[in-house]
Structure formats: structure tokens, C-alpha cells
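Trainee: take a look and give me a structure for this.
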Amino acid sequence: MTTTTLSTPIPLDIGIGGMTCASCVTRVEKALKKVPGVETATVNLATESARIVYAPGEQMEARLRRAVRDAGYEPRAADAAIDAPDASPWAGFMPVAVGMALSVPLVAPMIADLFGLHWMLPPSWQFLLATPVQFILGARFYKAGWSALKALTGNMDLLVALGTTAGWALSMWLWLTADADTMVHLYFEGSAVVITLVLLGKWLEARAKRQTTSAIRALHALRPDVAHLIRVDGEVADATGRPEQGTAPSGGSEIHEVIERGGTIDVPVAEVLVGDRIVVKPGERFPVDGTLLEGHTQVDEAMLTGEPLPVTKEVGGKLTGGSINGDGRVVMQVAATGSETVLSSIIRLVEDAQAAKAPIQRLVDQVSAVFVPVVLVIALATLLGWWLSGHAFELALIHAVAVLVIACPCALGLATPAAIMAGTGVAAKHGILIKDAQALELAHKVDVVAFDKTGTLTVGQPRLTALVVLPGMDETEALQAAASLQSGSEHPLARAVVASAQAKNLVVEAPDNVRAVPGRGTEGEVGVRSFLIGSLRWMDELKVDMGALAGKAAELQAQGATVSAMAERTTAGPTLRALMAFGDEPKPGAKEALAALRARGIRTVMISGDNRGAAEAVARRLGLRPEEGEVMAEVLPGDKAARVMGLKEGGHAPRRAAPSGESPLGGQRSTRSDKRGGHVVAMVGDGVNDAPALAAADVGMAMGNGTDVAMHAAGITLMRGDPMLVAAALDISDRTVAKIRQNLFWAFVYNAAGIPLAALGFLNPVLAGAAMAMSSVSVMANALLLKRWTPK
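Mentor: Numbering: from 1, shown residues only. Prediction:
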């Protein structure tokens, strides 16, 4: 008998230096995928990095880095660009400045000729000025081009090297073969200016790339380097909160005594352990996640959640690393460090989204794979065509050089990743975390948004508004039993019962043999009695006789209350003891959020496990129309995913006509639909029971006030529990996809128009070089316009 061991794939990020265009991306991906054990490899030109997923194997990381180097590129640390200190805006400009200084004298005669001044530099001077530009400043193109040739591929560097070398060589040949007393037109200025312009374009492109990573840089900058760890009699408290010798304080005034007696010690944040106690002074950032032990303060969480107003924190409140302490000196107990903190999770999500390759990028990959060989063929055809048609060889060669120089796969390679980086970065700044490029690309097609009710559209903190008991128990006894049975539950209704009992100073006992029945309720023993608490549907399934309380239950439901029942197991079977009614208020802004989605031509649907009366009452307060199928009530947790699938297939909730108005992409929003004839559905939720529905939706959106399970299942995480962020997420998706399409359109049109114009002789190499340099810059600049986006 053999045992099969399943190994978990390992993700790895590698920085890659030396990539210049989409062809380089294709080449590196092919090299990485050839390494045995590699499952996927995605290379991003904008971040100059690769994301590889591979099966565990011996020295895999070293082998992957070797594959990158063998392909002609430099493997680097994945976060080298992020962790590098902020460079001067003029960093790297020196080669460009030198190229300009050497090229200006070569171009000056051409400019003077426009004003009727005819003069020319001696050929020897032209040679002395152009040669350093060609072979010193242009050495990077030869090196990268040679690496591409060795790999039997091509890239932008190869095109530039071939084109400018041909121009320089032609000038040398014309100079050396001309009569001594004859002035011939040379093309040294063309080669020198092309290289200088390409260097200028690459410098501008690098500056723009640094701006696209500004969101990640800003998130990294939120991490403090030092924490003030509490000491006790000169000893540092360990992870359990106790000093290495002696007894630790329990909190409150004792902590004051500890600080006064032993003070604090500054330690690197990397050395902080879970359970440590840390002092945070006013104006400082919280170094890690934790719980407030002493003091109260206002906390600025704007960089994490996008919430502009400070949040009040009391003892027991959760603190997030990276947020800023207000005016109170507080003590916190560490709950999470390192990669387990919320800030690290946010950074990881943003980096994953920016490293991912959008589905639309596949077309670019297919084009870039054959781009350079096709350009070389066109250049050769241009040379032969002009020469064989009777024109001078030097003229034919100049037109061929223009073809080589103007062809630019760089813009194609940058079009998609630059827009994704800018879009996901600005979204993160406003509290919208987009997990992957596929979610970003799909979100702009959404035409139906389904919301969970509790905690998503409502506050999620229901209150016990009514307790109706039958003879055999009084109200106090019923409330005490209900609170005891549910004392260990995290369900919002259970917490409401416990809170009501505690407010009346009732003793809450620990129950025995507690069993949760998913989607129905809880049963267990309190003392010697056995109780069940759950939905009216469960009571009906158990054949519990509602008797005189059936009318009361219907009355409470009609008023919008969520009604639960408590029964006791007796020798005669489950017997009804009490009814409990709960009320939950809609979130501030929830009604406006739904209206904003409808204004975009998007249908909104609420899915709830509540009884129909309660669900419809809340829905009407939110502006939803139950009579139009916009409310799905009494849906069990396990059935939510099926309801979402039904929406995707076009079932349930008929489409509401959208108001007139155009989207940022142009066209009516109400025309959104999936190519398969169904709908593109987004699901918004916050709880564990929402996770299957979030995964089933085309786009899952998890509220940041929800559970980790929901966030893992969702493609987009909203860091605030604000329903208005749903429309904002769809809007930034719209705008990002629009930028991707604009960039790809202009990149394709630029090459489709520029190459024929150069082949037909309408562009000289200098103009071609300028156009090629500016194409990449224009793509980056267009993507960076997304940084100005703010939610409406």
C-alpha cells in the first residue's frame, strides 16, 4: 500500500532588473516556466518583478534565480524597489544630460538651416560627438540586445541597437568613401539623438514607475521601527505579560506602578512578541496589533481604512498597527506581530493585486511574442523595397532604421500593469483592497449586487426589544436561561440576549452539552433543564405548538422585528416557553448607497435569513422593493450560494430599469450583462456564513468589519463597514479598465500607424526615436491620472 503526500505549492517573488519591454516579459516567463516544478510564473514590467508558484524541491529558489540570469536579466530582491530610499527626482538623469550635451551640437546645423543659415560640423567633429553616445551611453542596448539574440528572441534594445548602429555605420562609410573636398550629409546626429531620446524616455518612465509604487511605499512607511516595551524592576516582560522574574501587574493602576518603577525599553518591532505590553505615546503610530489595556484615546486610521475622522478607543478596544495614536498616552497588549498584523495583510493584498496579470493582458502577450521578429522582417522589406526601386542605398537604410526605431513594444508591456498598479494603489488609499486583477476587471461588468442584511446593510448590533413568556416561567427566569444557553455564542442575536441579561445584573451560568444547529439555533442544558433557542422555522420543524403566541409572533414580524423562540424539552416533547424579538437599525448611509448603485443602472438585492416580515420591513426602510423581488428572506446560510448562482443565471429579482446617464466608460450602465446571457453578480457580506456566497459570486466583496473567512473568500475587501464603498469599488474598477483599454488602444494604434509611416519614408529616425520614447511615457502618464481619483 502506497501513501501519497500532497505538497503545498510555494509562492515566491523575485525582482528582475534589465527588462525594457513586453518581449522581455514574455522571455522571462518562458525561462521560469521551463524550470521543473514551476506551476505558474507571472512577470510584471511595471513592478519589474515575477510571481512564481512552484512545488517544493531542492534549491528551487536558487534555480529560479539562475534561470532569470541565464535569460539575460538580473535577479534581485522582490521588494528592492519598495525598500530603496526615496531617490532625488533627478536620479539617473546624468546619462540623459550627457547625451543631450553631445547631441545638441549635432542637431544645431539642422535647426540653423530652418533660418537660412547653412553650415555643418566637420565629419571628424561629428564622429567625436556621436561615438561616445553610440557606444558608451548606448552600451545598455547592446548588452540587452546581445542577451536577447543568445536566447533567440528579440526586444526593444535589439531594435534600438540595430537601428542606431546602422545609422552610425552608414555615416562612417559615407565619410570614409567620400572625396576629401566633398561635403556629404552624414547621419551621426540621427543615431545620437535617437539614443538620447530613448534614454530620456526610459528615465521619465522610471520616474512614473516610482509613482505607481507610491501606495505600497506609503503602506510600508506606516510601520514604526521601534516599540516602547514595559520593564518591571529592570526586567523586560515576556510574552505572557510577566517579567522574567517576579510577578506581572494585571493592568490599570498597577501598570502605572510598573512603568514608574521599571520604565520602558525601546526594542525593534521585529523583537516584539504576542502578549507583550507596550506604551504608545501621543502622536506615535501603534507598532503592532493589540488591545487597549489602559487609557483612552482618539486613533487616526485613515491610511488603513480611508476613514477621515478619528475613532475613539476605550479599554478593551482593538488597535491596529500603523494607525496613529491621538492625544492619550496608552498601554496596549500585543495580539499580532509581523506578517500576522492587519497592515501586513493589507500590504500583501495590494502587492498580490499589482503582481497579478489581468485576463486582457493575454492579447498583449500573444502580440509581443512575435512583435520583434515581425518588425525585423518589415525593416528588411523596407530596405530592399526602397533600394530595389531605384533609390540610393543610404536612403533605403535610413527608412529601415526609422522602422526599427519607431517600433515600441514597451508601451504594450506597460499599458495593463501600469493602470492596475495605479488603480489598486489609489483604491487601497481609500479603504478598498482589491485582491487580484481578475476581480478588478470583472467588477466593472457587475449589473447585480446582492447584500447580506445583518452587519452589511444594518448595524449588526441587534437589541432585545421584547420578551414574551408563557405561564410556567417568569421574564427574569426566561432571560437568564436564554443568556446562559447562548453565553458562548458569537451570533449577534445571542450577544444581544447576553447583553440584556448583564444590563439587568442577572447571573449567566455556563451551559452544558451545547450544540449549534446551523441556520436554525442552539440547544443545550442550563442546570437540570434542557432548552432550545432558534428560528420560528426550526420550531415548526420540531412540531412545537406556538399556541396563543403565534399571533404575537406575526405581529412582531410585521413591525420589522426578528423573532426567535425558546422551547424546553419535556417528557411531552419540545414545549414553547418564550418569544424574543430583536431590532437592528440600518447603517447610516446604507439607503443612499443602494440608491447610488441603482443610479448606475445596477440592480440591488438583499439576502437575509430573517423571516419575510422582518426582512421586508428593513428593506423598505432601505428603499428596496420587496414586490419586485429585491428581497430574499428566510434563506439558510447554506442556500445563499445557490441564490447567488440563481442571480448569475438570470433568475430571481427582475431587472429594474436604470435611470438615464452614462458611465465613465461611456454607454448606458443598464446594458451591463455577461456574454453568456446571464448577469455578472457581486455579493457583499461580512460573516462566516457569507463565505460560500462570496466565493460563488463573480465578484465577492467582504466588509472589513467582518470575519477573516469572509475576507479570504472575497476578491475585494472594504476596510470600512460603509456600504457606500461598494459603488466606489465598482467606480475605480470602471476607471481602471477604461485606462487599460485606452493604453492598449493607443499602444496598438501607435505601432500600427508609426511603422507604416516610417516604412513609407514619412518619418526620419530622429522623429521616430522621439515618438517611440514618448509612447511609453504617455502610457505611464495616462495611468497615473488614476491617482487623482476619489470616491464620490
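Trainee: mind listing the residues bridging to the residue nearest the centre of the chain?
Mentor: By CA atoms, centre = their mean, the chain has its centre lying nearest to Ile434, at 3.2 Å. On the basis of DSSP bridges, Ile434 is bridged to Ile716.
Trainee: test my guess that it contacts Ile716.
Mentor: Yes - contact criterion CB atoms under 8 Å: Ile434 and Ile716 qualify, at 5.4 Å. To be clear about C-beta, it is placed using only N, CA and C from the backbone, and glycine gets the same treatment.
Trainee: shared neighbours of those two, anything?
Mentor: Ala729 (CB atoms under 8 Å, 6 or more residues apart in numbering).
Trainee: picking that back up, how close does the residue nearest to the centre of the chain get to Ala727?
Mentor: Relative to Ala727, Ile434 is positioned 15 Å away (CB to CB, to the nearest Å).
Trainee: least trustworthy helix or strand in the chain by mean pLDDT?
Mentor: helix 253-262 (a mean of 46; mean pLDDT, DSSP states H and E).
Trainee: can you name the next helix or strand after it?
Mentor: Counting by DSSP states H and E, the next helix or strand C-terminal to helix 253-262 is strand 264-268.
Trainee: for that following strand, list the C-alpha coordinates in CSV.
Mentor: Extracted C-alpha coordinates of strand 264-268, given in CSV (Å, rounded to 0.1, in the frame of the first residue of the first chain):
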residue,chain,number,x,y,z
THR,A,264,10.2,51.1,29.3
ILE,A,265,12.9,49.9,26.9
ASP,A,266,13.0,50.7,23.2
VAL,A,267,13.2,47.5,21.2
PRO,A,268,13.0,46.8,17.4
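Trainee: how far does that strand sit from the chain's center?
Mentor: 34 Å (CA atoms, centre = their mean, to the nearest Å).
Trainee: mind listing residues that contact that strand?
Mentor: So strand 264-268 is in contact with Asp225, Val226, Ala227, His228, Leu229, Ile230, Arg231, Val236, Val279, going by CB under 8 Å, 6+ apart.
Trainee: of those residues, closest to Ser530?
Mentor: Ile230 (47.6 Å; CB to CB).
Trainee: Ala728 and Val644, how far apart?
Mentor: 22 Å.
Trainee: among these two, which residue is more densely surrounded?
Mentor: Ranked by neighbour count (other CB atoms under 10 Å), Ala728 and Val644 place Val644 first, with 27 against 22.
Trainee: return the helix or strand where the more buried one lies as PDB; C-alpha atoms alone will do.
Mentor: Assessed by DSSP H and E, Val644 sits inside helix 640-648. Taking C-alpha atoms only, helix 640-648 is exported to PDB below (Å, rounded to 0.1, in the frame of the first residue of the first chain):
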ATOM      1  CA  LYS A 640     -27.100  31.800   0.000                       C
ATOM      2  CA  ALA A 641     -24.600  30.500  -2.600                       C
ATOM      3  CA  ALA A 642     -27.400  28.800  -4.500                       C
ATOM      4  CA  ARG A 643     -29.300  32.100  -4.600                       C
ATOM      5  CA  VAL A 644     -26.300  33.900  -5.900                       C
ATOM      6  CA  MET A 645     -25.900  31.300  -8.600                       C
ATOM      7  CA  GLY A 646     -29.500  31.800  -9.500                       C
ATOM      8  CA  LEU A 647     -28.900  35.600  -9.900                       C
ATOM      9  CA  LYS A 648     -26.000  34.800 -12.200                       C
END
